[in-house]
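Novice: here is my input; please provide its structure:
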Amino acid sequence: MSIAFTFPGQGSQAVGMGKELAETYAEAKAVFAEVDEALGEKLSATMFDGPEETLTLTANAQPALMAVSMAVIRVMQARGLDLKSKVSFVAGHSLGEYSALCAAGTFSLADTARLLRIRGNAMQAAVPVGEGAMAAIIGLEHGDVQAVCQDASSAGPCQIANDNGGGQLVISGAKAAVEKAAALATEKGAKRAIMLPVSAPFHSALMAPAADAMREALAKVEKHNPVVPLIANVRAAPVTDAGEIAGLLVEQVTGQVRWRETVEWFGANGVTTLYEIGSGKVLTGLARRIDKNVSGIAVNSAADIDAALAALLG
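Specialist: Numbering: from 1, shown residues only. Here you go, the predicted structure:
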């Protein structure tokens, strides 16, 4: 029986996130101050008080979500949690992979904040607004969704961006191609095909300029091997070499987030509990749908932290 820490991705942000932590714990307050300093602006003010449309901007949401995750981690560490001895693996959904790596010591907090600001800006700038799109396809198998993406690619690039499990896949690419694929998916028997309110076609070939920007940024930053293995998004398998991880983070910008396979890998390798560290409980919900033998526990409040520490430190 082992434990993994997972870290949420974009969409889990909410105005007010981290505020209780900052008011309760000096360690959390210090994390938000360090992220503010790294970015040269008061991101924490936007996190705590909004406005929501500013927090939701990709360049803000990404470092903000990481900051909340790291605030939780630092509070837990200050109260006796040793990641290396208590946690077997880390994983994160898309930007959450950076939070996981920061928690596992691959990147410093300040560098992680700056990397995510670069990533958010680069992803936003890669495709002019309105040219790309994403859609959630509910109730079709992976192979069927892959087939409709293939059929729609005559209208432009279209591919699976996220395999979230529980019959939910997200496709991404050129707007015309994604709309065509969504229509084809409905014809093929999908329960629903929903266009998503996103600002860019994340995890698609159209993100190539952002991948180039991340290759350059990651080459310049100090990296250490993580203290526990990372289950990488694009591989759904463990990796421990910092140089290899940097390459996979570049690949991740245009590649598929293989979350269903990640949770299945956990279940097949003795992981019984996934602690979701940070804002929201999206990954906790997904874990239950993917593998009934893997339980998810969201940790984002003072009460959650106390409960998690009681279980982990016993």
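
Novice: show me where the stretch 1-150 of the chain has strands.
Specialist: 2-7, 89-92, 132-138 (DSSP state E, counting those that start in this stretch).

Novice: now render those strands as CSV, adding mean pLDDT and distance to residue 222.
Specialist: Every C-beta, even on glycine, is put in place using the N, C-alpha and C of the backbone. Shown next, in CSV, are the strands of the stretch 1-150 of the chain (pLDDT from 0 to 100; distance: least, Cβ to Cβ, whole Å):
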stretch, mean pLDDT, distance to residue 222
strand 2-7, 98, 20
strand 89-92, 98, 19
strand 132-138, 97, 33
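
Novice: now do residue 84: how many residues are near it, please.
Specialist: Look at residue 84: counted by other Cβ atoms under 10 Å, it has 11 neighbours.

Novice: wouldn't it be in contact with residue 228 here?
Specialist: Yes. Using Cβ atoms under 8 Å, residue 84 makes contact with residue 228 at a distance of 6.1 Å.

Novice: show me whatever sits in contact with both of the two.
Specialist: Common neighbours of residue 84 and residue 228 (criterion: Cβ atoms under 8 Å, 6 or more residues apart in numbering): none identified.

Novice: comparing the strands of the stretch 1-150 of the chain, which comes out most buried?
Specialist: Here the criterion is mean neighbour count by mean count of other Cβ atoms under 10 Å, and of those the winner is strand 89-92, at a mean of 27.

Novice: and that one, what does it pack onto?
Specialist: Helices and strands touching strand 89-92, by 3 or more Cβ pairs under 8 Å, 6 or more residues apart in numbering; DSSP states H and E, are strand 2-7, helix 96-103, strand 230-231, helix 259-268.

Novice: residues in contact with that strand?
Specialist: Residues from elsewhere that reach strand 89-92 (Cβ under 8 Å, 6+ apart): 2, 4-9, 83, 97-101, 103-104, 226, 228-233, 238, 262, 266, 271.

Novice: stretch 200-217 now?
Specialist: The contact list for stretch 200-217 (Cβ under 8 Å, 6+ apart) reads 10, 58, 94, 114-115, 118-119, 122-127, 129, 131-134, 157-159, 161-162, 170, 172-174, 178, 249-257.

Novice: stretch 37-55 too?
Specialist: By Cβ under 8 Å, 6+ apart, the residues outside stretch 37-55 that reach it are 13, 15-19, 22, 32-33, 35-36, 60-61, 63-64, 67-68, 109-111, 113-114, 117.

Novice: likewise stretch 148-164?
Specialist: Under Cβ under 8 Å, 6+ apart, the answer for stretch 148-164 is 93-94, 134, 137, 140, 142, 145-146, 169-181, 184-185, 188, 201-206, 256-261, 286.

Novice: just the terminal-to-terminal distance for it.
Specialist: 18 Å (Cα to Cα, to the nearest Å).

Novice: could you do stretch 74-92 as well?
Specialist: 17 Å.

Novice: residue 297: what secondary structure?
Specialist: With DSSP: H, G, I helix; E, B strand; the rest coil as the basis, residue 297 sits in strand.

Novice: check contacts around it.
Specialist: Counted by Cβ under 8 Å, 6+ apart, residue 297 has contacts 273-276, 284, 304, 307-308.

Novice: what's across from it in the sheet?
Specialist: Taking DSSP bridges as the rule, residue 297 bridges to residue 275.

Novice: and it, how far is that from residue 309?
Specialist: 12 Å (Cβ to Cβ, to the nearest Å).

Novice: anything in contact with each of these two?
Specialist: Going by Cβ under 8 Å, 6+ apart, no residue sits against residue 297 while also sitting against residue 309.

Novice: related to what we said a few turns ago, which ChimeraX command selects the buried ones in the contacts of stretch 148-164?
Specialist: Selection of buried members from the contacts of stretch 148-164 for ChimeraX, criterion 16 or more other Cβ atoms under 10 Å:
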select :93,94,134,137,140,142,145,169,170,171,172,173,174,175,177,178,179,180,181,184,185,188,201,202,203,204,205,206,256,257,258,259,260,261,286
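
Novice: so for the longest helix seen in the chain, mean pLDDT?
Specialist: Identified as the longest helix of the chain according to DSSP state H is helix 58-78. Mean pLDDT, helix 58-78: 97.

Novice: distance from it to the middle of the chain?
Specialist: The gap between where helix 58-78 is centred and where its chain is centred comes out at 12 Å by Cα atoms, centre = their mean, to the nearest Å.

Novice: since we're on residue 15, how many residues are nearby?
Specialist: Residue 15 has 15 nearby residues by other Cβ under 10 Å.
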